[in-house]
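A.B. asks: heads up, no residue letters with this:
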């Protein structure tokens, strides 16, 4: 048995393990996320020739055939937008760089400025026009919120190694293509990606290293659009290690093969785990996350049922079914039309509504109660409270922001957990391209040459948490002001430089705001010299003033003394 046979057996096991989640995913898509993938309803995981079968036949009807009330849909859209703006907003540095060692000392001024230089470069790479990060990361976030798990795949730009602006391409991977694997501790350690490619796409992707069947299809104009199943398997390599320089001994092995013919199209490896995976709420050691609406699906289904019944009741109230006297009689219910023969000799109508007790608003109270539950359960009330925050004091607004950080914070941590893999992958790719070599603009200080660095979160939601530190510092300064009036010596206990650093970090301000120790020393030296000169000048002026004021007095005393001697 060769390695492809072993991989196909592992893939089948991964497919079987995922069946439990696919049923849930199909319900999430049907009732709460009509804009997401609909390929989770068969044992194989992928139901369509291209994974999107439900969109090929009456797409508009299929997307919303069970949606009668869109409350959960727009609440999830708002939640995704809100979490995105709080965790990874575009145009904002939502993370920094720091020491990987938790016991490392505080970075010096030069080291902190270097960390900021690395951060700025990473954001320029991500948000360049051709990298695809903005779109891919947005799709990853939507998948995390609506399906519980989102996957981003940073791929090294091997087509143009000299492209400094786009060394990395960021690609979103639909969840229906991914079969994730975790170890006994729940850490991501491998995956299978199953997708269908057209023959010409496969030829281009794998540089012609495909089976004879695929190559024959690609060379035939009539068959080049035929689709074939390809599997990308990634797993920890036996004997691989983290700091390898040869891809054949890298930590992770990567194999692309055709599922039907077992032909290996590419065999390589990764030095870092290649996927960036975020989960909303994790169920134990499961490889997949649980979305926020998972606990509310009963209410969501009840809401759709009530909304459907209310719609039917409204239709029956406006256009109820009609009973007529004779079967051959036809009613024309259009305005102004005449229906001859439909009254008897006494003028009584020969027809009447079959239902006349319909109340279209009977379910309104129940519907509104469920909507309120969804607004609370999907955090819609938090955003609405912030939008309606006019007239509140700054203190009240800060308290509300902190409450939001406390409620969304645990889940945002799960969403951003995968960003450490993103950072490691990016730093690894840039390092192999010589970005940190001597002479490079990103050459690290000597003290950082052998140090590990990692991502430090500075997103708006983290600043909400840090806002409490700033408020505490401001309150402490008020206390010091009162206390110093009674005992000025209490100010001797305060380290002003440390207070400045704490305040700057709590507000998320850059290190460049602070002058270097040499600049501070020079400024203090100049200030001391100016103060000394002023003291000397003031002393000289005081002596001159005393001399000027004392001269008439001395003259008068001398005259008095002279006159006395003469009288005597």
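C.D. replies: Received the coordinates, thanks. This one's a predicted model, so the numbers in the text were calculated from it and none came from an experiment. Numbering: from 1, shown residues only.

A.B. asks: Break down the stretch 351-500 of the chain into its helices, ranges please.
C.D. replies: Listed in chain order, the helices of the stretch 351-500 of the chain (DSSP state H, counting those that start in this stretch) span 364-377, 380-387, 394-416, 419-432, 460-486, 496-506.

A.B. asks: Looking at those helices, spot the one closest to residue 221.
C.D. replies: helix 419-432 (37.8 Å; Cβ to Cβ). In short, each C-beta sits where N, CA and C put it, glycine included.

A.B. asks: what packs against the closest one?
C.D. replies: Applying 3 or more Cβ pairs under 8 Å, 6 or more residues apart in numbering; DSSP states H and E, one finds that helix 419-432 contacts strand 95-99, helix 109-126, strand 149-156, strand 168-172, strand 276-279, strand 453-457.

A.B. asks: okay, these in JSON lines with mean pLDDT, distance to residue 201 and mean neighbour count next?
C.D. replies: What follows is those, written out as JSON lines (pLDDT from 0 to 100; distance: least, Cβ to Cβ, whole Å; neighbours: other Cβ atoms under 10 Å):
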{"stretch": "strand 95-99", "mean pLDDT": "88", "distance to residue 201": "35", "mean neighbour count": "20"}
{"stretch": "helix 109-126", "mean pLDDT": "89", "distance to residue 201": "26", "mean neighbour count": "18"}
{"stretch": "strand 149-156", "mean pLDDT": "94", "distance to residue 201": "15", "mean neighbour count": "22"}
{"stretch": "strand 168-172", "mean pLDDT": "94", "distance to residue 201": "14", "mean neighbour count": "19"}
{"stretch": "strand 276-279", "mean pLDDT": "94", "distance to residue 201": "24", "mean neighbour count": "25"}
{"stretch": "strand 453-457", "mean pLDDT": "85", "distance to residue 201": "34", "mean neighbour count": "18"}
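
A.B. asks: Redo those as TSV? Include distance to residue 193.
C.D. replies: Listed next are the helices and strands packed on helix 419-432 as TSV, based on distance: least, Cβ to Cβ, whole Å:
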stretch	distance to residue 193
strand 95-99	27
helix 109-126	22
strand 149-156	8
strand 168-172	11
strand 276-279	13
strand 453-457	25
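
A.B. asks: Just to check, residue 182 is in contact with residue 285?
C.D. replies: Yes. In this structure residue 182 lies within contact range of residue 285 using Cβ atoms under 8 Å: 6.3 Å.

A.B. asks: Between those two, which has more neighbouring residues?
C.D. replies: Set residue 182 next to residue 285 and count neighbours by other Cβ atoms under 10 Å: residue 182 wins out with 16 against 11.

A.B. asks: Look up the closest residue to residue 455, ignoring the ones flanking it.
C.D. replies: In space, and not counting its chain neighbours, residue 455 is closest to residue 423: 4.1 Å by Cβ to Cβ, 6 or more residues apart in numbering.

A.B. asks: Repeat that for residue 303.
C.D. replies: Ranked by Cβ to Cβ, 6+ apart and with sequence neighbours excluded, the top spatial neighbour of residue 303 is residue 370, at 4.6 Å.

A.B. asks: go on, residue 428?
C.D. replies: Excluding its sequence neighbours, the residue lying closest to residue 428 (Cβ to Cβ, 6+ apart) is residue 272, at 4.8 Å.

A.B. asks: about what we covered before: to what extent is the residue nearest to residue 303 buried, counted in neighbours?
C.D. replies: Residue 370 has 23 neighbours, counted by other Cβ under 10 Å.

A.B. asks: Test my guess that it contacts residue 304.
C.D. replies: No. In this structure, residue 370 is not within contact of residue 304 by Cβ under 8 Å, at 9.8 Å.

A.B. asks: Tally up the residues packed near residue 437, please.
C.D. replies: Residues within reach of residue 437, counting by other Cβ under 10 Å, total 10.

A.B. asks: Who are the contact partners of it?
C.D. replies: residue 443 (Cβ atoms under 8 Å, 6 or more residues apart in numbering).

A.B. asks: what about the closest residue to residue 124 other than its chain neighbours, is that helix, strand or coil?
C.D. replies: Leaving aside its sequence neighbours, residue 124 sits nearest to residue 165 (Cβ to Cβ, 6+ apart; 7.9 Å). For residue 165, the assignment made with DSSP: H, G, I helix; E, B strand; the rest coil gives coil.

A.B. asks: Next one: residue 165, what pLDDT does it get?
C.D. replies: Predicted confidence (pLDDT) for residue 165: 77.

A.B. asks: again with residue 548
C.D. replies: pLDDT, residue 548: 66.

A.B. asks: please begin residue numbering at 57 from this point
C.D. replies: With the count now opening at 57, the last piece we talked about shows up as residue 604.

A.B. asks: Tell me, what's the model's pLDDT at residue 457?
C.D. replies: On the pLDDT scale, residue 457 is placed at 63.

A.B. asks: before we move on, what about residue 404?
C.D. replies: At residue 404, the model reports a pLDDT of 89.

A.B. asks: List the contacts of residue 227.
C.D. replies: Counting by Cβ under 8 Å, 6+ apart, residue 227 has contacts 188, 192, 208, 209, 210, 211.

A.B. asks: measure the residue nearest to residue 359 to residue 369 for me?
C.D. replies: For residue 426, the distance to residue 369 (Cβ to Cβ, to the nearest Å) stands at 17 Å.

A.B. asks: what do you get for residue 344?
C.D. replies: Noted for residue 344: a distance of 40 Å to residue 369, by Cβ to Cβ.

A.B. asks: Wait, residue 348 touches residue 200, no?
C.D. replies: No. Contact criterion Cβ under 8 Å: residue 348 and residue 200 do not qualify, at 9.9 Å.

A.B. asks: Of residue 344 and residue 369, which one has the most company?
C.D. replies: When neighbours are counted by other Cβ under 10 Å, residue 344 and residue 369 differ, and residue 344 comes out ahead with 23 against 17.

A.B. asks: So that one sits against residue 205, correct?
C.D. replies: Yes. Using Cβ under 8 Å, residue 344 is in contact with residue 205, at 4.9 Å.

A.B. asks: where do the contact lists of those two overlap?
C.D. replies: Contacts common to residue 344 and residue 205, judged by Cβ under 8 Å, 6+ apart, are 236, 335.

A.B. asks: list the contacts for the closest residue to residue 486 other than its chain neighbours?
C.D. replies: In space, and not counting its chain neighbours, residue 486 is closest to residue 223: 6.5 Å by Cβ to Cβ, 6+ apart. Contact analysis of residue 223 by Cβ under 8 Å, 6+ apart lists 181, 212, 213, 485, 486, 489.
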